[in-house]
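Got a predicted structure plus its sequence, pasted below:
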Amino acid sequence: MKVDYLSDLHIDFYFPKNKKILDEDIKALYHPIITKGNREIGNVLIIAGDIGHYNYQNITILKYLKENYYKHILCVLGNHDYYLLGKGTLNRYNNSFERVEEMRELINNEEGMYCLDGDVVNITGINFAGCDSWYNYGYVKRYFSSSIYSKDKINSLWSQYLNDEKNIYGIDDFDEIWNTEISKIESIYESCDVMVTHVNPSTNNDNIPIQYRNSITNTFFTFEGGKYLKEGNMRYWIFGHTHEQIEYFEHNVKCLCNPFGYPKELSNIRIKSFTIS
């Protein structure tokens with residue numbers, strides 16, 4: 001089976017919020033990338049989170065990709081998929097989790113599309129599993145003194161460096177969503193051939209882009225997943241969140257990140273794939 005993978009589509013950066021998305025506009029953006037070099041398109045597309053800020057845009061694009069290119073699409077959601085932006089969105093949902101649940105339902109109601117949330121999906125004998133995941137205290141504990149970087153200090157840095165604190169409604173601490181996602185990871189990591197999360201499962205500096213190594217902000221772009229990489233049965237782990245292409249092996253698991261990213265980053269993007277049987 002050939003599997004294509006992307007993350008961080010950030011759809012609303014490419015399509016105006018209040019304008020109907022036309023098929024020809026979708027094709028103009030994605031077709032040259034999906035078919036570049038007359039490549040063989042995969043049977044499955046994995047999207048490792050940060051689809052976009054508006055559910056109605058997200059499902060429109062995903063349905064088009066499914067209908068025109070892929071037999072199956074597997075997604076998890078990222079931190080931007082929790083954002084509530086603008087009066088319309090804020091009036092529609094009581095908190096970010098209502099928006100997330102609506103997005104999952106919209107995806108899962110489509111044939112051949114799956115929004116993984118602690119689930120395992122078998123496609124022609126290959127087990128795909130995933131959940132949104134989140135960042136945790138792992139990088140701080142590995143490289144910094146917790147006596148210097150208390151939870152209050154990390155929360156302050158979180159507010160300073162990420163928009164999550166002000167755009168995700170229903171949480172107070174940087175690792176609050178991690179505390180719910182960890183149980184999902186625990187329930188699936190031994191049962192899959194391919195694991196999907198939004199966040200990098202390694203706090204090892206060797207598995208972080210060189211320009212960001214030793215920065216305390218990696219606390220918000222990684223989680224300590226060494227146990228799951230070592231003890232799990234997955235052969236591949238797909239993630240996103242960072243807008244850098246990353247490939248590394250840890251505990252014989254091939255970990256891959258291939259972000260679409262923002263318009264200014266578009267020149268670097270290409271579909272990547274792997275074959276698994």
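Looks like it arrived, so ask away.

Point out where the stretch 101-250 of the chain drops to low pLDDT.
Filtered on pLDDT under 70, the stretch 101-250 of the chain yields the residue ranges 146.

how far away is residue 56 from residue 132?
Separation of residue 56 from residue 132 (C-beta to C-beta, to the nearest Å) stands at 20 Å. For glycine as for every other residue, the C-beta is placed from the backbone atoms N, C-alpha and C.

Just want to know which of those two has more residues nearby.
In this view residue 56 and residue 132 are compared by other C-beta atoms under 10 Å, and residue 132 has more residues nearby, 29 against 12.

How is the more buried one assigned, secondary-structure-wise?
Classification of residue 132 using DSSP: H, G, I helix; E, B strand; the rest coil returns coil.

Neighbouring strands - and their directions - for the helix or strand harbouring residue 254?
Using DSSP states H and E, residue 254 falls within strand 253-257. Using DSSP bridges, strand 253-257 pairs in its sheet with strand 236-239 (parallel), strand 246-250 (antiparallel).

Let's see whichever helix or strand comes after that strand as CSV, backbone CA atoms only.
Under the assignment DSSP H and E, the closest C-terminal helix or strand after strand 253-257 is strand 272-275. Output in CSV follows, covering the C-alpha atoms of strand 272-275 (Å, rounded to 0.1, in the frame of the first residue of the first chain):
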residue,chain,number,x,y,z
LYS,A,272,5.7,12.6,0.3
SER,A,273,4.8,8.9,0.6
PHE,A,274,5.9,5.6,1.9
THR,A,275,5.0,2.0,1.0
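
partners of strand 272-275 in the sheet?
Counting by DSSP bridges, the strands paired with strand 272-275 are strand 2-6 (antiparallel).

Return the distance of the strand it pairs with from the chain's centre.
Here strand 2-6 shows a centroid-to-chain-centroid distance of 13 Å under the convention C-alpha atoms, centre = their mean, to the nearest Å.
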